[in-house]
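A.B. asks: following is a predicted model, sequence given first.
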Amino acid sequence: MAVDYTTRNGIAVITLNNPPVNGLGFSTRLGIVEGVERAQADASVSAIVIVGAGKAFSGGADITEFNTPKATQEPTLHTVIKVVEGSTKPVVAAIHSVAMGGGLELALGAHYRVALAGAQIALPEVKLGILPGAGGTQRLPRAVGLETALNMIVSGAPVMSEKLAGAGLFDQMAEGDLLGEAVKFAQKVGAQSGPHPKVRDRKIEHPNAEGFIQFTRNMVTPMAKNFPAPLKCIDAVDAGVKLGFDKGLAAERECFVALVQTPESRALRHAFFGERAASKIPDVPSTTPVRKIERVGVIGAGTMGGGIAMNFANAGLPVTLLETKQEALDRGLATIRKNYESAVKKGRLTAEKLEERMALITPTLAYEGLKDADLIIEAVFEELGVKEQVFSKLDQVAKRGAILASNTSTLDVDKIAAFTKRPEDVVGMHFFSPANVMKLLEVVRGAKTSKDVLATVMQLAKKIKKTAVVSGVCDGFIGNRMIEQYLRQALFMLEEGALPAQVDRAIEKFGFAMGPFRMSDLAGNDIGWAIRKRRYLEKPDLKYSKIADRLCETGRFGQKTGAGWYDYKAGDRAAHPSKIVDEMVVAYSKERDVTRRKISDDEIVERLVFALVNEGALILEEGIASKASDIDMVYLTGYGFPLYRGGPMLYADTVGLYNVERAMRKYAAQPNGDAWKPAARVTELAAAGRGFNS
Ligand code: 3HC
Ligand code: NAI
């Protein structure tokens with residue numbers, strides 16, 4: 001049963017008991033209505049308290065029910081709130097920890113609210129691409145004022161309960177025993193004659209409501225970009241201000257019904273669940289014991305090592321940073337300090353915190369300094385010989401049970417593990433650059449990596465605020481293996497008739513933060529060149545356009561050399577289309593005897609995105625990723641894939657795999673078509689009318 005009913009000193013206590021967050025799914029809703037009716041019918045009860053069991057009052061509507069018949073099955077949340085608000089016996093919501101979305105809307109339907117300090121109060125629906133759909137856009141402005149409410153509704157950000165106490169949301173702040181105090185409060189109001197106050201009857205007070213709403217709309221419009229929900233939130237509040245509660249409620253309902261079916265909302269919900277699902281590894285139960293991580297070691301204070309060390313210092317963990325030479329150590333520490341100083345300048349960090357974090361980082365030139373570390377992450381040069389030196393040494397000095405991780409982006413984690421006598425303690429922790437900023441962490445599971453190492457690293461990732469996704473061992477892991485196919489297509493298209501700026505423009509219009517050529521110029525074209533040289537040896541049959549090699553032969557490595565696929569001006573990162581490069585591209589087509597053709601923006605997008613999808617499907621087939629949403633999380637958090645499209649695999653589902661496969665076959669018939677053999681997983685799912693996520 002999702003709701004418990006008890007009585008206490010003449011007060012009915014309705015306890016939401018639907019772990020983990022008391023989501024307001026069908027059975028919870030039913031339980032609340034039954035509880036209120038039972039209390040109404042019981043002459044010995046004078047008032048009702050609604051409280052949440054466990055770690056939340058309520059996290060809101062049950063998102064898993066969205067777009068299923070359960071979501072609209074009566075009693076809907078509307079009905080529940082109507083019953084609560086209509087109760088002749090006063091209803092008191094007793095709030096702790098979390099009152100979000102529908103949970104807050106339910107509390108707003110109660111006659112009184114008692115809360116503990118430290119509870120997160122929010123209407124976060126906008127983050128799921130929808131808006132509060134059970135009266136939140138109407139009642140919250142009446143409860144806490146228009147400005148606070150609009151801010152909360154449009155941002156979805158939580159506000160601490162104590163901050164809202166003065167705003168009129170709570171009738172009493174409880175000090176310790178929430179339920180005891182709520183029951184006492186209920187006894188008091190239960191003894192008073194009704195009618196009891198309803199938030200819906202309050203007025204929205206504001207000296208210039210219309211002006212403020214317009215101001216908010218002007219602010220939000222450029223920020224909302226591809227997300228329809230924020231402006232709809234404003235429309236619903238606006239309707240309530242202008243037309244009153246009931247018409248406002250109807251406007252809210254209409255917006256909710258429209259938004260919940262949008263692809264943007266589907267994508268945001270997919271990302272919400274995808275992030276949580278990523279931390280679950282099919283054969284590693286949640287009960288797996290984890291190792292204690294209190295001290296961290298990082299080897300190499302270069303681009304990655306410095307950023308990795310910052311992550312742990314930011315989380316309050318002491319880090320020992322090891323280098324081979326004093327200059328390298330000094331340089332690394334100076335870069336870390338510079339990064340923190342820039343955060344101080346931007347007002348994101350205080351000067352004291354800067355010093356606190358720097359003090360957590362201990363530089364060393366001696367491996368002895370790592371002997372107490374519980375986790376050691378290697379970020380030295382990308383050469384197997386150097387990794388061998390480091391891991392053999394670690395095997396000697398690291399304490400028993402220490403986790404030994406490599407940040408390698410291309411090398412075989414199993415080979416690295418074999419440099420030690422404890423391969424079960426070795427794992428890949430592939431951070432993305434800049435490591436202190438990027439959310440993604442690919443956790444590379446070696447053949448012998450033990451389950452408790454994986455469980456520990458996944459838990460630690462949360463502590464350092466990363467989205468961790470497990471990848472099996474393969475060349476490029478999930479993200480870089482897929483991006484290689486995307487880049488191959490980008491180069492083929494140059495050869496066939498497109499120019500770099502056109503390709504970038506098309507995919508950026510689709511929503512990518514940066515097109516492939518701007519991205520390559522930023523990362524350094526020499527990096528891709530080195531990878532391709534390796535490929536030419538390892539996979540001589542794999543076809544590549546050589547146009548990028550031509551570019552590199554002229555020394556155009558990208559931003560760092562002031563010229564790449566684009567021209568750059570000193571002190572400016574803006575990419576200017578380059579006449580030299582365009583001519584080089586056209587000359588290359590001629591040399592290859594290719595008649596250049598106009599390539600449409602649609603084709604560019606399809607070839608880039610479906611190349612990701614096809615490789616993603618192979619990655620699933622091979623078990624490198626355990627679920628499609630993991631791949632989407634990699635792309636959303638590490639590669640600038642547009643959030644409102646939910647990642648490549650969800651996007652493919654949205655287009656329909658039948659259509660995706662058809663497009664692949666069409667491209668297979670074109671020149672450079674041998675890259676387009678649809679993966680068996682694509683063909684099977686398309687034939688079954690299913691998607692990667694269904
Ligand atoms: N519906 C269904 N499941 C939910 C949920 C919800 N509203 N909120 C959380 N969960 C699930 C999570 O998926 C997760 O499941 P799992 O254990 O199987 O992975 C579990 O609850 C725990 O969630 P977290 O790992 O996020 O736990 P935290 O303690 O870190 O955070 C929280 C708790 C702050 C409540 C956070 O989960 C959260 O922000 N949830 C979303 C809240 C939200 O968006 N509510 C609005 C819902 S829409 C709505 O109410 C519509 C209404 O206006 C009509
Ligand atoms: P980097 O060249 O900036 O830094 C490497 C550092 O390691 C240097 O400071 C060097 O002095 C130090 N070093 C070399 N040998 C050492 C040894 N034996 N002991 C201690 N220190 C030693 O390189 P970067 O870019 O930081 O890369 C490091 C690792 O991270 C590589 O494996 C790379 O593939 C990987 N990586 C790099 C990414 C990037 O974008 N740069 C992204 C993800 C992973």
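C.D. replies: Alright, I've got the coordinates. Ligands and ions are numbered 1, 2, ... in the order given.
A.B. asks: what does stretch 649-664 rub up against?
C.D. replies: 263, 266-267, 270, 606, 609-610, 613-614, 616, 628-629, 631-632, 645-646, 676-678, 682-683, 685-686, 689-694 (CB atoms under 8 Å, 6 or more residues apart in numbering). C-beta: built from backbone N, CA, C; applies to glycine.
A.B. asks: hang on, I meant stretch 452-467
C.D. replies: 275, 278-279, 281, 284, 288-291, 293, 311-312, 314-315, 317, 375, 403, 405, 424-427, 429, 431, 439-441, 443, 445, 468, 470, 633, 637.
A.B. asks: out of those residues, which are inside strands?
C.D. replies: Mapping those onto strands (DSSP state E) picks out 375, 403, 405, 426-427, 429, 431, 440-441, 443, 445, 468, 470.
A.B. asks: between those, which is nearest ligand 1?
C.D. replies: residue 468 (13.4 Å; CB to the nearest ligand atom).
A.B. asks: assumed residue 410 was part of a helix.
C.D. replies: No: counting by DSSP: H, G, I helix; E, B strand; the rest coil, residue 410 is not found in a helix; it is coil.
A.B. asks: these two touch, right, it and residue 384?
C.D. replies: No: counting by CB atoms under 8 Å, residue 384 is not a contact partner of residue 410; they are 9.9 Å apart.
A.B. asks: just the buried residues from the contacts of stretch 649-664, in PyMOL please.
C.D. replies: If you want just the buried ones from the contacts of stretch 649-664 in PyMOL, going by 16 or more other CB atoms under 10 Å, the selection is:
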select buried, resi 266+267+270+606+609+610+613+614+616+628+629+631+632+645+646+676+678+682+683+685+686+691+692+693
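A.B. asks: the closest residue to residue 1 other than its chain neighbours sits in which helix or strand?
C.D. replies: Leaving aside its sequence neighbours, residue 1 sits nearest to residue 31 (CB to CB, 6 or more residues apart in numbering; 6.5 Å). For residue 31, the element it lies in under DSSP states H and E is helix 26-41.
A.B. asks: which elements pack onto that helix?
C.D. replies: Applying 3 or more CB pairs under 8 Å, 6 or more residues apart in numbering; DSSP states H and E, we find helix 26-41 packed against strand 3-8, strand 11-16, strand 47-52, helix 77-86.
A.B. asks: how about those in a markdown table, adding distance to residue 481, mean neighbour count and mean pLDDT?
C.D. replies: Compiled in a markdown table, the helices and strands packed on helix 26-41 are given as follows (distance: least, CB to CB, whole Å; neighbours: other CB atoms under 10 Å; pLDDT from 0 to 100):
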| stretch | distance to residue 481 | mean neighbour count | mean pLDDT |
| --- | --- | --- | --- |
| strand 3-8 | 48 | 16 | 98 |
| strand 11-16 | 45 | 24 | 98 |
| strand 47-52 | 44 | 27 | 98 |
| helix 77-86 | 44 | 19 | 98 |
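A.B. asks: can I get these in JSON lines with distance to ligand 2?
C.D. replies: Rendered in JSON lines, the data for the helices and strands packed on helix 26-41 read as follows (distance: least, CB to the nearest ligand atom, whole Å):
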{"stretch": "strand 3-8", "distance to ligand 2": "49"}
{"stretch": "strand 11-16", "distance to ligand 2": "44"}
{"stretch": "strand 47-52", "distance to ligand 2": "42"}
{"stretch": "helix 77-86", "distance to ligand 2": "45"}
